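Student: Quick one: sequence and predicted model below, then my questions.
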Amino acid sequence: MSLKPLKKAVLPVAGLGTRFLPATKAMAKEMLPVVDKPLIQYAVEEARAAGIEQFCFITGRGKTAIVEHFDVAYELERTLAERGKQAELDALRAQSMPPGSIVTVRQQVPMGLGHAIWCARAFIGDDPFAILLPDDLMMCETSCTAQLARAYEETGGNVVAIEEVPMERVNRYGVLDVAEDMGRLVSIKGLVEKPRVDQAPSNLTVIGRYVLMPEVITHLAKMERGSGNEVQLTDGMAKLIGHQPFHGLRYEGRRFDCGDKAGYLEAQVAFALQRPDMAPAMRAILKTYS
């Protein structure tokens, strides 16, 4: 049986962003800019580079600006055109989405990532889907989601992006129990959400990029509480192991944890240095603090 193409992505964006208060009191954390684009736009562009065509934002109260960001701003575009600001106009139009490509679903109660994904069940249907957590900002030559999509096509099943972390930090992540380490790909025999350091099966951890089969929704629907008394996506994924192919992918690139203030500031520097129009000024600024 041929694999269904990967065309759908779910982006959970219902979080309160408490670690960035007061900046996020009236502003969605996913709208925090890195240089001149908000985090949510980086995630959407990454997914589109992987051939994703349909997006579901799992939102909460006060998150309407996320959807509006991808809408057409007629008045603004007209003003830019009248003033001859073609570069700015092109940048706006490049981010616009085709009609009907974005849907939103409310997660009324914060019951965990697994619950957020379950809220998108009608959107997911019977199709494979990607999950992108915008807090994890990826700098990759080839889109991280595109790398996962290729691995999905190779393995015919679930694939998660993974990276090694120091053992003392494994209690912050979902951790792999490895069946076979093949280098780029890792066959998984188990997953544990935020284990104690002395009980972690490895130091290979799942980051905020996934390609999953729709059957995970059946397990999430049971609303079983896990770590933190929340419905954990990791627990739902673990129940697919042994029934479907499940692999971890050592992606090529670098992740910036923009849910953390230090990681967010590092991302500002790294992305500015990557841009020819910003790099000279950023290097000069950094020299004044060295």
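Tutor: Received the coordinates, thanks.
Student: Give me the neighbour count for Q199.
Tutor: If you count neighbours by other Cβ atoms under 10 Å, Q199 ends up with 10. Glycine gets a C-beta too; all of them are placed from N, C-alpha and C.
Student: Okay, strands next: where are they in the stretch 51-200 of the chain?
Tutor: Ranges of strands in the stretch 51-200 of the chain, per DSSP state E, counting those that start in this stretch, are 54-59, 102-106, 129-132, 136-139, 158-164, 174-181, 185-193.
Student: Could you list every helix and strand in contact with the fourth one?
Tutor: Here strand 136-139 touches helix 39-48, strand 204-212, strand 254-257, helix 261-274, going by 3 or more Cβ pairs under 8 Å, 6 or more residues apart in numbering; DSSP states H and E.
Student: can you redo these as a markdown table with mean neighbour count and mean pLDDT?
Tutor: As requested, these are exported to a markdown table (neighbours: other Cβ atoms under 10 Å; pLDDT from 0 to 100):
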| stretch | mean neighbour count | mean pLDDT |
| --- | --- | --- |
| helix 39-48 | 23 | 96 |
| strand 204-212 | 23 | 95 |
| strand 254-257 | 18 | 96 |
| helix 261-274 | 16 | 96 |
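Student: need those in CSV with distance to K239, can you?
Tutor: Listed next are the helices and strands packed on strand 136-139 as CSV, based on distance: least, Cβ to Cβ, whole Å:
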stretch, distance to K239
helix 39-48, 26
strand 204-212, 12
strand 254-257, 26
helix 261-274, 31
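Student: So for G156, which of these sits nearest?
Tutor: Comparison of the helices and strands packed on strand 136-139 against G156 by Cβ to Cβ identifies strand 204-212 as nearest, at 11.1 Å.
Student: helices or strands next to the closest one in the packing?
Tutor: Counting by 3+ Cβ pairs under 8 Å, 6+ apart, strand 204-212 packs on strand 129-132, strand 136-139, helix 144-155, strand 158-164, strand 174-181, helix 233-238.
Student: Good, wrapping up.
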